[in-house]
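Engineer: pasting the structure only:
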């Protein structure tokens, strides 16, 4: 990389929603890195938002623009409103978070025209995305200066090949790269290490019990229903087992009805959607994190739980396969196999020594691969080098 450094510029980050989720936390990490480097950051959300999440972005130095548009008003209305906003702000860099309908914001920015257009795609998976989605994203990438992916699996899914961005030796011939997501390892350490775990378990009513945890939106993608099936087998072997279900979403009522039908009510605590720091506290009360996802782009909670010293049992899907080292920091299992999941969890619950070893391996891995310092180095190099006119 050359010695030249551009002056930090005004960047408009564009996203369809601003709710409590992994993508928002990753965008927040991007905001934090850019603000500290001197960039002027504006974040535009065109559809649904949570004012509490918007407030977090403001506290971290971003100007937040909540457009409050209605999806029913159509994509032409979205394009028109975004065109007006882009002309009004006239940012140096536009960074689109590629969540549907991201093709429209990218093409709109190109036609205005904006000098530099970056995009980041956060998710992949054949369960949800077919050839039409791939066609649109690849077309959108042609209008971008550079397209980023949050894991090699995501990049390979959308583009057919991958390359992790190297800030020391940038491949300028390439139009898309992987830049891994990051987690706040020092904050997780600080929160987990400050807690009295025994007191925490007493307050949660789990003293003497082994706790499984699943964190994420309550929807088919995250696999909570598969975990409930597995739990029926686990509690037959370990009566002193609790499952923490952290999150909210469209499938909540259906999942609660299933848990009741399976007679699992007394083994489950439903926590709802918690702020990030409170989720970190709950990691300290868990023994194993479970991620039976049908698909993922990255798997933020897997990396967070590993930073908190937990083994993680996940599925062999894009994203998770790059976070979890099978047999070393946890296990990677077949998608949708509740019996395999039950057997694996039962074995882990019966082996505290293995859990401890895997937890330590996980902490070492996230420090090496997913630290904020690594993310910062890549993002700043990408912004500085790839946004030159």
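Structural biologist: That came through, no problem. Remember, it's a predicted structure, so these values are computed and weren't measured experimentally. Numbers count the residues shown, from 1 in each chain.

Engineer: neighbours of the residue nearest to residue 174 when sequence neighbours are not counted, how many?
Structural biologist: By the measure of Cβ to Cβ, 6 or more residues apart in numbering, the closest residue to residue 174 outside its immediate chain neighbours is residue 163, 6.2 Å from it. Glycine gets a C-beta too; all of them are placed from N, C-alpha and C. Residue 163: 14 surrounding residues under other Cβ atoms under 10 Å.

Engineer: now stretch 88-97: buried residues?
Structural biologist: 91, 92, 93, 94, 95, 96, 97 (16 or more other Cβ atoms under 10 Å).

Engineer: make a markdown table out of those residues and add pLDDT, distance to residue 179 and secondary structure.
Structural biologist: Formatted as a markdown table, the buried residues of stretch 88-97 follow (pLDDT from 0 to 100; distance: Cβ to Cβ, whole Å; DSSP: H, G, I helix; E, B strand; the rest coil):
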| residue | pLDDT | distance to residue 179 | secondary structure |
| --- | --- | --- | --- |
| 91 | 97 | 20 | coil |
| 92 | 96 | 20 | coil |
| 93 | 97 | 15 | strand |
| 94 | 98 | 17 | strand |
| 95 | 98 | 12 | strand |
| 96 | 98 | 15 | strand |
| 97 | 97 | 13 | strand |
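
Engineer: which single one of those residues is nearest to residue 194?
Structural biologist: Using Cβ to Cβ, residue 97 comes nearest to residue 194 of those, at 32.6 Å.

Engineer: what strand or helix carries residue 282?
Structural biologist: Taking DSSP states H and E as the definition, residue 282 sits inside helix 276-283.

Engineer: can you give me the buried ones in that helix?
Structural biologist: For helix 276-283, a neighbour-count test (16+ other Cβ under 10 Å) marks 276, 279, 280, 281, 282, 283 as buried.

Engineer: looking at those, which gets the smallest pLDDT?
Structural biologist: Lowest in pLDDT among the buried residues of helix 276-283 is residue 276, which has 85.

Engineer: wait, isn't that one in contact with residue 25?
Structural biologist: Yes - taking contacts as Cβ atoms under 8 Å, residue 276 lies within contact range of residue 25: 6.4 Å.

Engineer: what about residue 245, neighbour count?
Structural biologist: When neighbours are defined as other Cβ under 10 Å, residue 245 has 24 of them.

Engineer: many thanks, we can stop here.
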